[in-house]
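Asker: okay, predicted coordinates and the sequence, questions at the end:
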Amino acid sequence: VLKTPEEIEKMRVACRLAAEVLDHIAPFVKPGVTTGELDRLCHDYMVNVQDTIPAPLNYAPPGYTPYPKSICTSINHQVCHGIPGDKPLKKGDSLNIDITVIKDGFHGDTSRMFLVGGDAAASIAARRLSQITYECMWLGIAEVRPGSRLGDIGAVIQKHAEGNGYSVVREFCGHGIGRKFHEEPQVLHYGKAGTGPELLPGMIFTIEPMVNAGKAAISELPDGWTIVTKDRSLSAQWEHTVVVTETGVEVLTLSDKCPPPPAIVATR
Ligand SMILES: CCc1ccsc1-c1ccc(O)c(O)c1
Ligand SMILES: [Mn+2]
Ligand SMILES: [Mn+2]
Ligand SMILES: [Mn+2]
């Protein structure tokens with residue numbers, strides 16, 4: 001469903017706030033800190049500083065038990081929906097922190113990868129997977145303009161991931177977003193160019209590719225939430241919320257700490 005200019009302005013605010021939570025938490029992501037502590041720090045910042053509501057807290061899609069925490073923290077072979085807990089992060093861990101805030105009734109949804117202990121501490125494999133996945137997200141974003149099709153986004157993401165020997169998770173996708181956390185359309189991270197619904201100005205959705213170093217197959221942990229790769233290979237995910245503009249795309253969850261890769265900016 002298309003957003004009015006007033007709704008787009010409210011989404012700009014919610015999305016900027018979501019990006020600011022990731023900017024805020026970044027310095028705390030260090031060996032020894034637990035994801036539970038990161039959750040507490042993010043929760044307090046959202047509720048006490050931003051006056052936003054953490055959308056994941058008590059979120060329960062049909063068939064799920066309510067999610068118990070305010071952020072998602074997915075480590076290494078965890079694909080998504082990892083629940084913050086008491087295990088300390090260690091040097092070399094690759095961590096996705098996924099933030100969704102609600103401000104003035106609108107949702108802002110974004111996630112980033114963090115290599116614990118700094119880039120040098122991570123394995124080359126973890127660093128490369130995170131970088132390629134980052135490029136997948138930005139290649140998808142670069143396809144967004146009026147007249148494009150959702151299949152154009154999926155196709156470039158799939159091509160770049162598989163072209164680098166990785167696989168794309170199929171069971172979870174990007175999504176429309178606004179007054180609801182998840183709206184139409186589903187934004188698949190694979191597909192065929194020129195197919196699927198056409199993009200129109202005022203559409204707002206996330207692009208959030210999950211890319212596995214090994215095979216695409218996933219399984220769910222007994223906690224009822226955490227998704228892991230079946231083959232225990234590493235997985236990475238990056239997420240932005242974008243709006244289709246009259247001339248192209250606006251990334252609503254942009255932060256100057258995570259700019260588009262140079263090559264992709266050049267092609268835009
Ligand atoms: C905790 C949030 C949640 C629960 C079931 S799916 C889900 C989720 C997590 C991150 C997301 O970016 C998203 O779109 C949905
Ligand atoms: Mn998210
Ligand atoms: Mn999302
Ligand atoms: Mn991961």
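Answerer: Yep, it's here. Ligands and ions are numbered 1, 2, ... in the order given.
Asker: every contact and neighbour count from this point should use C-alpha atoms.
Answerer: OK.
Asker: the stretch 151-268 of the chain: strands as residue ranges?
Answerer: For the stretch 151-268 of the chain, strands defined by DSSP state E, counting those that start in this stretch occupy the ranges 167-168, 174-176, 183-187, 204-207, 210-212, 218-220, 227-229, 235-237, 240-244, 249-251.
Asker: nearest to ligand 1, out of the ones you listed?
Answerer: strand 174-176 (6.5 Å; Cα to the nearest ligand atom).
Asker: what about the closest one and ligand 1, touching?
Answerer: No: using Cα under 6 Å from any ligand atom, we find that strand 174-176 stays clear of ligand 1, coming within 6.5 Å at best.
Asker: what is the burial count for residue 233?
Answerer: As a burial measure, residue 233 scores 16 neighbours (other Cα atoms under 10 Å).
Asker: how far away is it from residue 124?
Answerer: In this view, residue 233 and residue 124 are 14 Å apart by Cα to Cα, to the nearest Å.
Asker: do residue 43 as well
Answerer: In terms of Cα to Cα, residue 43 sits 32 Å off from residue 124.
Asker: the two - which one has more neighbours?
Answerer: Remark: of residue 43 and residue 124, residue 43 carries more neighbours, 22 against 12, as counted by other Cα under 10 Å.
Asker: elements contacting the helix or strand that contains the more buried one?
Answerer: Residue 43 is located in helix 35-44, with elements delineated by DSSP states H and E. In terms of contacts (3 or more Cα pairs under 8 Å, 6 or more residues apart in numbering; DSSP states H and E), helix 35-44 is packed against helix 5-25.
Asker: give the contact list for the most centrally placed residue in the chain.
Answerer: Computing the C-alpha centroid of the chain and ranking residues by Cα atoms, centre = their mean puts residue 239 first, at 2.5 Å. In this structure, residue 239 makes contact with 98, 109-112, 137, 206-209, judged by Cα atoms under 8 Å, 6 or more residues apart in numbering.
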